[in-house]
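Enquirer: Here is a sequence with its predicted model. Questions after.
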Amino acid sequence: MNVPPEHDQKRFATLAAQFAIAGHALVRSSPAEGATAFYAMRWGCIKPLANLDACERFLNFIEGDRNVAD
């Protein structure tokens, strides 16, 4: 499925806000640098995340979402 870039931008902004509410920061590399890389950060620890789906899964993990299947 080909997702429009503006959809990814909105999805990233939403996830970044949700990470902030959970006490973490979600940042991404510049598209000008090649493939987009995502990083979750808190207290000096950095976790690289492969894509927006991985960001969502990690957010569910840090929020303690028990409804997410392994």
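Expert: On my side now, so go ahead.

Enquirer: from what I can see residue 54 touches residue 38, true?
Expert: Yes. The criterion here is C-beta atoms under 8 Å, and residue 54 meets it with residue 38 at 7.2 Å. For glycine as for every other residue, the C-beta is placed from the backbone atoms N, C-alpha and C.

Enquirer: who has more neighbours, these two?
Expert: The residue with more neighbours, out of residue 54 and residue 38, is residue 38; 20 against 14, by other C-beta atoms under 10 Å.

Enquirer: I'd assumed residue 48 was in contact with that one.
Expert: Yes. Between residue 38 and residue 48 there is a contact at 7.2 Å, judged by C-beta under 8 Å.

Enquirer: residues shared between the contacts of those two?
Expert: Shared contacts of residue 38 and residue 48, defined by C-beta atoms under 8 Å, 6 or more residues apart in numbering, are absent.

Enquirer: Pass me the low-pLDDT residue ranges in the protein, would you?
Expert: For the chain, residues meeting the criterion pLDDT under 70 lie at 1-6, 31, 65-70.

Enquirer: need the longest helix for it.
Expert: helix 5-21 (DSSP state H).
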